[in-house]
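Enquirer: Predicted model follows, preceded by the sequence.
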Amino acid sequence: MKKGVRITIILLGIVVVLGVGGYFAAPRLKAVMEEGGFPGRPRGPMSAAGMEAGEEQEAFSVPVAVTRARVQPMQETLILYGTVFPQNEVNIFATVTGKVSQVLVREGDYVAKEQSLATIDRDQAGLKFAEAEVTSTISGIVKLVMTQVGATVAPTAPLFQVVDMDSVEVILSVPEKKIAQIKRGQSAMLSLVAYPDRTFYGNINKVSPVVDAMSRTLEARILVDNPGYLLKPGMFAEARIVLREVDSALVIPVTALLDRDGNRVAFTVKDGTARRIEPQLQFVEGQWAVVSGGLEAGAQVVVVGQQNLNDGDAVTIAEELE
């Protein structure tokens, strides 16, 4: 058989098979449609317009998660970093020339004001003098002993360093753009690596009147009571300066906010419809944004699924978060 005749016969066979299949399938398709459609589709008769409207509604109803705007106390804080220093640290000198005959304290000892730290033998060749005492000018901890028995001393070199540890200062460098926010008397909360589960409290007691020309920062000092001497000079501290406190602040999660066209916007849900709002923000603290207008307490605010929302979109609340 010639090749062209063979191909023609095969094509005719395919056409016959398709025709027969369509003939037997058509009644079954009609029955399925009359019984309510294919599995997974709503049963019962539906017009073409009804099917189209239902599919459109299903396609444009966006599932979202919401939470309610709430009222709670809030603080606005500024985070800065600094180092712990003793509030008072002094060098102790001898008042006479001579040799050290006794050293009466060791590093780490607590000494009271006017307590004797060492004695000086003032004797010279052929001359006898009463021993002189070296006393502390403040109460505190002996930080350094810089002499020893037999050493020759004079009033020009310090023999001891004593630090007052009853209270300490955390010295901060405030960036120039934050200077206007820092004032004497502001309270502060301190966290230290050495005490991860503890918070210390103090107040700003000194603010430098000048800005350092090299670093463009302003020095501020936080005074902190130090019972038990837990805070030690040289420690690194994180300070949260309380800038303002609001007893009844209306707040929403920061995750609800979006940047649209240069504005901070959010979406609320009412009667199954998304509404775009532009809340008036006072400040952001941690995970919360404090709102002063454009929103009411109890409003449902979208926190998940709002990235592609537009005003007026149909939404379905899939979850309401606390």
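Expert: Nice, thanks for sending it over.

Enquirer: Report the rounded mean pLDDT for whichever helix or strand residue 86 is part of.
Expert: Using DSSP states H and E, residue 86 falls within strand 70-93. Regarding strand 70-93, the rounded mean pLDDT is 95.

Enquirer: what separates it from the chain centre, distance-wise?
Expert: 17 Å (Cα atoms, centre = their mean, to the nearest Å).

Enquirer: So which bits of that strand are buried?
Expert: For strand 70-93, the neighbour count (16 or more other Cβ atoms under 10 Å) marks 70, 74-78, 80, 82, 84-90, 92 as buried. Using the backbone N, CA and C atoms, a C-beta is placed for each residue, glycine as well.

Enquirer: what's the closest of those to residue 197?
Expert: residue 84 (18.1 Å; Cβ to Cβ).

Enquirer: From what I see, that closest one and residue 231 are in contact.
Expert: Yes. Contact status for residue 84 versus residue 231: in contact at 5.3 Å, counting by Cβ atoms under 8 Å.

Enquirer: and for those two, which residues touch both?
Expert: Common contacts of residue 84 and residue 231 (Cβ atoms under 8 Å, 6 or more residues apart in numbering): 168, 192.

Enquirer: re the thing from before, go through the buried residues of strand 70-93 and say which is closest to residue 164.
Expert: residue 88 (3.8 Å).

Enquirer: Quickly list what that closest one is bridged to.
Expert: Taking DSSP bridges as the rule, residue 88 bridges to residue 164.

Enquirer: How about the one 4 residues further on?
Expert: In this structure, residue 92 has beta-bridge partners residue 160, where bridges are defined by DSSP bridges.

Enquirer: could you check the distance from it over to residue 183?
Expert: 36 Å (Cβ to Cβ, to the nearest Å).

Enquirer: on that earlier part again, which strands and helices sit next to the strand holding residue 86?
Expert: strand 132-135, strand 140-145, strand 158-175, strand 217-225, strand 236-253, strand 280-285, strand 288-293 (3 or more Cβ pairs under 8 Å, 6 or more residues apart in numbering; DSSP states H and E).

Enquirer: quick one, the helix or strand following it and strand 158-175 angle?
Expert: Sequence order places strand 98-103 as the next helix or strand after strand 70-93, per DSSP H and E. Interaxial angle of strand 98-103 relative to strand 158-175 (axes from the mean of the first three to the mean of the last three Cα atoms, to 10 degrees): 80 degrees.

Enquirer: Buried residues, strand 98-103. List them.
Expert: 98, 100, 103.

Enquirer: from the chain's centre, how far out does it sit?
Expert: 55 Å.

Enquirer: Direction included, what does it pair up with?
Expert: In the sheet, strand 98-103 lines up with strand 116-121 (antiparallel), strand 152-153 (antiparallel) (DSSP bridges).

Enquirer: C-terminal to that strand, what's the next element?
Expert: The C-terminal neighbour of strand 98-103 among helices and strands, as given by DSSP H and E, is strand 110-111.

Enquirer: Name the surrounding residues that touch that next one.
Expert: Counting by Cβ under 8 Å, 6+ apart, 105, 117, 136, 139, 140, 141, 142, 162 sit against strand 110-111.

Enquirer: 6 Å instead, please
Expert: 136, 141 (Cβ atoms under 6 Å, 6 or more residues apart in numbering).

Enquirer: Quick check: residue 177 is in a helix.
Expert: Yes. Using DSSP: H, G, I helix; E, B strand; the rest coil, the assignment for residue 177 is a helix.

Enquirer: That one: how many residues sit nearby?
Expert: Applying other Cβ atoms under 10 Å, we find 8 residues neighbouring residue 177.

Enquirer: and what of residue 301?
Expert: Residues contacting residue 301 under the criterion other Cβ under 10 Å number 25.
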